[in-house]
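In: please work out how this folds:
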Amino acid sequence: MKKVLLTWVVLTLLWSCRSIDNMSIDYLLPAEMSFPQELRRVAVVNNTVANAPISMEGQFTDQPDVNARQLFQKTQYLHGDGKVATEALAQSLADGDYFDAVIICDSALRANDQEERRQTLTPEEVNDLTQQLGVDFLLALERLELRAETKATANPFVGLFVANTDVKVAPSVRVYIPQLRARSPITKVDSIYWQGFGSDINTAVHELPNNQKVINESSLHAGEFIAKTFIPYWESDTRYYFSNGSVAMRDAAVYAKEDNWEEAVALWQNTFDQSKSIKKKMYAAFNLALGNEMLEDIDKAIEWVTKAQLYAMQVGEPEVFQLATSYLDRLNTRKKSFASVKMQMERFEEDF
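Out: Numbering: from 1, shown residues only. I've put the predicted structure just below:
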C-alpha cells in the first residue's frame, strides 16, 4: 500500500528571528463505511433515471437579460449525468486499490423500462447482477441532483463585472448485498465552482461554462468525492517545525528533510533534555511532536505538542501557542480515525 509521502516546500517564515519551515504530509483517513473482508469484488452500477427531465425555478437561458445591467441571478435544478458519475466513482474505487476488483456497469439499468417503477433494485435483480458480473456486492448510483446558482454583479474593487456559478452536487448511492435487505441510500453534498470576469455583465456571464459542461464536470466531481464514503483515502495537510536556534536544531532539520526521522527525533530529544531555556524546550517539544507523528506514534506526538503549548503560555509566545493548539487539534483528529483506518486495512497483510 501507499506509504507516507513528503513534499517539501521551500518556504521559511521569519518569526522574531525564529525560522519556521513547513512541509506537506499525506496520511490515510478511514472510509465512512466499513465492509467485511469477504466483500472483495464490487460492481458500480448506474441505477439513475434515464433521460430524466430538467426542472427549473424560473426561466434560465445561457444569455443574461439584456436589461439586467447591474445584477444577474438565476437558479437551476438539474439532474446529473449518471453515466459520467458512475464511471468516476468506479475509477476512484479502482485507483484506491482497496477492493480486489471493481467492475463497472454504467449503462442505465432502467433505460428500457416501459413503465414507472420503484427505483430500488429487487432482490432478484441484485442476485442476477452479482452473478452476471462476478462480484460480491453492488454500489448503485440512484440519484444525482444539481442545484446551480449563477450570480453576476459589478465589483468596484476590481473595476469589472464578476459572475459566479456555484453548484451544489448531491449524489445518492445505495449498497446492495445479496440475501440482505437493501440499505438506505447514502446521500452526500459537495460544491463545485466557476467564476468569470468582464467589462460588462454579458461578457462576465459568457465566461461561465454552459449547461452541458456544468452537468458533465459536476457529475464527474460527484463520483470522485462520494468514493471517500466507501474506501480509505489520502488527505494532505501542512506541518511546521522550527529549524534554527542551535547547531543540533539545524542538523535535525536536515535529517527531517531526508526523511530520517529517527535521527531528527534523537537530536530534538537531546536539545530538549540539555536545554535550560524554556523557549528552546518549547521549540524542541514542538518538533518532537512532528517527529513522533511521522514515526506513527500519535499518542506521544500529542504529549509533546501539549508540552509545547504549555511552554508557550509560560513564556508568553501567543504565535507558538496558536500553532501548537492548531496542531493538537489535527493530531486528535488523526488519533480518532487511526483505529478505524487500522481495522479497515486489516484485509491487507502488509503494513500500510
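In: just the buried residues of the top helix by length along the chain, please?
Out: Under DSSP state H, the helix in the chain containing the largest number of residues is helix 318-344. Buried residues in helix 318-344, counted by 16 or more other Cβ atoms under 10 Å: 320-321, 323-324, 327-328, 330-331, 334, 337-338, 341, 344. C-beta: built from backbone N, CA, C; applies to glycine.
In: which one of these is nearest to residue 236?
Out: Nearest to residue 236 among the buried residues of helix 318-344 is residue 330, at 12.0 Å by Cβ to Cβ.
In: taking the mean pLDDT, what do you get for stretch 82-96?
Out: Stretch 82-96 shows a mean pLDDT of 95.
In: rewinding a little: which elements pack onto the longest helix of the chain?
Out: If contacts are counted by 3 or more Cβ pairs under 8 Å, 6 or more residues apart in numbering; DSSP states H and E, helix 318-344 sits against strand 18-29, strand 233-242, helix 278-294, helix 298-315.
In: quick one on the thing from earlier: dump the buried residues of helix 318-344 into TSV; add pLDDT and distance to residue 300 as well.
Out: Below are the buried residues of helix 318-344 laid out as TSV (pLDDT from 0 to 100; distance: Cβ to Cβ, whole Å):
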residue	pLDDT	distance to residue 300
320	95	20
321	96	20
323	96	19
324	96	15
327	96	14
328	97	13
330	94	15
331	95	10
334	91	13
337	87	17
338	83	13
341	85	18
344	86	23
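In: the helices in the stretch 151-300 of the chain, which residues?
Out: Remark: helices assigned in the stretch 151-300 of the chain by DSSP state H, counting those that start in this stretch are 201-206, 211-226, 247-257, 261-274, 278-294, 298-315.
In: with distance to residue 176, mean pLDDT and mean neighbour count as added columns, please give those helices in CSV.
Out: Below are the helices of the stretch 151-300 of the chain laid out as CSV (distance: least, Cβ to Cβ, whole Å; pLDDT from 0 to 100; neighbours: other Cβ atoms under 10 Å):
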stretch, distance to residue 176, mean pLDDT, mean neighbour count
helix 201-206, 43, 88, 20
helix 211-226, 16, 95, 21
helix 247-257, 47, 94, 18
helix 261-274, 44, 96, 18
helix 278-294, 39, 96, 24
helix 298-315, 36, 96, 19
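In: right, so of these, which gets closest to residue 137?
Out: Ranking the helices of the stretch 151-300 of the chain by proximity to residue 137 (Cβ to Cβ) places helix 211-226 first, at 16.2 Å.
In: got the angle for the closest one vs strand 233-242?
Out: Counting by axes from the mean of the first three to the mean of the last three Cα atoms, to 10 degrees, helix 211-226 lies at 70 degrees to strand 233-242.
In: need the residues that contact helix 211-226.
Out: 62, 76, 78, 80-82, 84-92, 141, 144, 146, 148, 165, 167, 169-171, 173, 186, 188, 190, 192, 194, 209 (Cβ atoms under 8 Å, 6 or more residues apart in numbering).
In: out of these, list just those in strands.
Out: Those of those mapping onto strands are 76, 78, 141, 144, 146, 148, 165, 167, 169-171, 173, 186, 190, 192, 194, per DSSP state E.
In: which among the residues you listed count as buried?
Out: Buried subset of the ones in strands among the contacts of helix 211-226 (neighbour count, 16+ other Cβ under 10 Å): 76, 78, 141, 144, 146, 148, 165, 167, 169-171, 173, 186, 192, 194.
In: between those, which sits nearest residue 205?
Out: Distances from residue 205 to these, taken as Cβ to Cβ, are shortest for residue 165 (9.1 Å).
In: beta partners of the closest one?
Out: For residue 165, the beta-bridge partners under DSSP bridges are residue 150, residue 194.
In: so it is in contact with residue 205, correct?
Out: No - if you go by Cβ atoms under 8 Å, residue 165 and residue 205 don't touch, sitting 9.1 Å apart.
In: which neighbours do these two share?
Out: Both residue 165 and residue 205 are contacted by residue 150, under the criterion Cβ under 8 Å, 6+ apart.
In: mind giving me the domain split of the chain?
Out: As recorded under automatic domain parsing, the domains making up the chain are 6-25+241-347, 41-231.
In: of all those, which lies closest to residue 32?
Out: Residue 32 sits nearest to domain 41-231 of all those, at 4.6 Å, using Cβ to Cβ.
In: between the ones in strands among the contacts of helix 211-226, which is nearest residue 132?
Out: For those, the nearest to residue 132 is residue 141 (18.1 Å; Cβ to Cβ).
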